[in-house]
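S.K.: mind looking at a prediction? Sequence and model below.
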Amino acid sequence: MGADAARWLEGLDPRDPPRLRWVLRAHPGARRIGVLSAAFNPPTRAHLALAEAARAALELEEVVLLLALTHVEKPLIGFGLSERLEMLQAIACGRAGYSVALCNRPRFFEKAIAFREALGEVDALFFLMGGDTLVRLFDPRYYPDLPLEAALECFFTLAEAAVAPRPPWDRQAMEAFLEDPARARYRPRIHWLALPEALAGISSSEVRARRQRGEPVDDAVPPEIRPWLGGLL
């Protein structure tokens with residue numbers, strides 16, 4: 001699958017306007033879509049728990065696992081993009097209603113533009129994220145080329161956010177964060193999700209650290225990605 005994954009990445013240029021490329025499409029006619037965009041280095045059970053919580057709470061017909069070529073904060077360490085894409089394909093192939101896509105741009109408003117152009121008319125488009133990611137969404141550091149308000153207005157016009165509070169951002173801390181007048185106007189477009197407590201603290205960085213220490217990670221990752229875990233040693 002490695003060569004195939006590399007081919008999917010060809011021609012996607014982060015300098016181009018926002019662009020989406022479907023790798024696996026489970027439900028082309030879906031009207032309620034959730035997008036889980038993450039570094040997936042590697043995918044974890046927390047990622048899938050977030051997707052399943054959103055499917056149940058928001059009545060999603062399709063969940064798209066989205067891999068961006070670059071990330072606003074995380075450098076490309078650990079798994080390469082081809083390996084991450086392979087893992088996402090393995091996960092989606094074994095689950096009904098899961099799709100995989102690539103995007104050439106890292107910021108959420110750019111991803112929302114790419115999805116809306118690719119999808120056309122849909123009833124609802126939700127981006128699924130943890131509380132720490134929502135905080136980054138409102139951080140002006142990531143918008144040096146345009147006003148923060150312009151980026152937020154673009155994103156929340158095109159999409160909504162479905163957020164799972166997780167340490168250190170619990171529900172109370174998130175609600176307090178959104179009370180700021182500059183953020184409160186977007187509160188109606190933000191929905192809360194709940195993750196099982198045992199999964200809320202799992203992260204990709206924890207999985208990598210445990211593997212480097214020679215500790216088991218079966219409780220933290222979906223079974224489909226175990227063949228790739230040797231690359232973390």
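M.R.: Right, received. Where do you want to start?

S.K.: and the residue minimising distance to the centre of the chain, how far from P144?
M.R.: By C-alpha atoms, centre = their mean, the chain has its centre lying nearest to S37, at 1.7 Å. With the distance defined as C-beta to C-beta, to the nearest Å, S37 ends up 20 Å from P144. The way it works is simple: take the backbone N, C-alpha and C, and place the C-beta from them, glycine included.

S.K.: also L193?
M.R.: From L193 to P144 the distance is 30 Å (C-beta to C-beta).

S.K.: between those two, which is the more surrounded one?
M.R.: Between L193 and P144, counted using other C-beta atoms under 10 Å, L193 has the larger neighbour count: 21 against 6.

S.K.: what's in contact with the helix or strand bottoming out on mean pLDDT in the chain?
M.R.: The weakest-scoring helix or strand in the chain, judged by mean pLDDT, DSSP states H and E, is helix 2-9 (a mean of 74). The contact list for helix 2-9, computed with C-beta atoms under 8 Å, 6 or more residues apart in numbering, reads 21, 23, 69, 81-83, 85-86, 89, 102.

S.K.: so which of the residues you listed wins on neighbours?
M.R.: Highest neighbour count within those, by other C-beta under 10 Å: L85, with 25 neighbours.

S.K.: quick check: that one touching L102?
M.R.: Yes - under the criterion of C-beta atoms under 8 Å, L85 makes contact with L102 at 7.2 Å.

S.K.: quickly list what's touching both of these two.
M.R.: Common neighbours of L85 and L102 (C-beta under 8 Å, 6+ apart) are 8-9, 23, 67.

S.K.: other SSEs contacting the helix or strand that contains V100?
M.R.: Taking DSSP states H and E as the definition, V100 sits inside strand 98-103. Judged by 3 or more C-beta pairs under 8 Å, 6 or more residues apart in numbering; DSSP states H and E, strand 98-103 is in contact with strand 20-24, strand 62-68, helix 81-93, helix 108-119.
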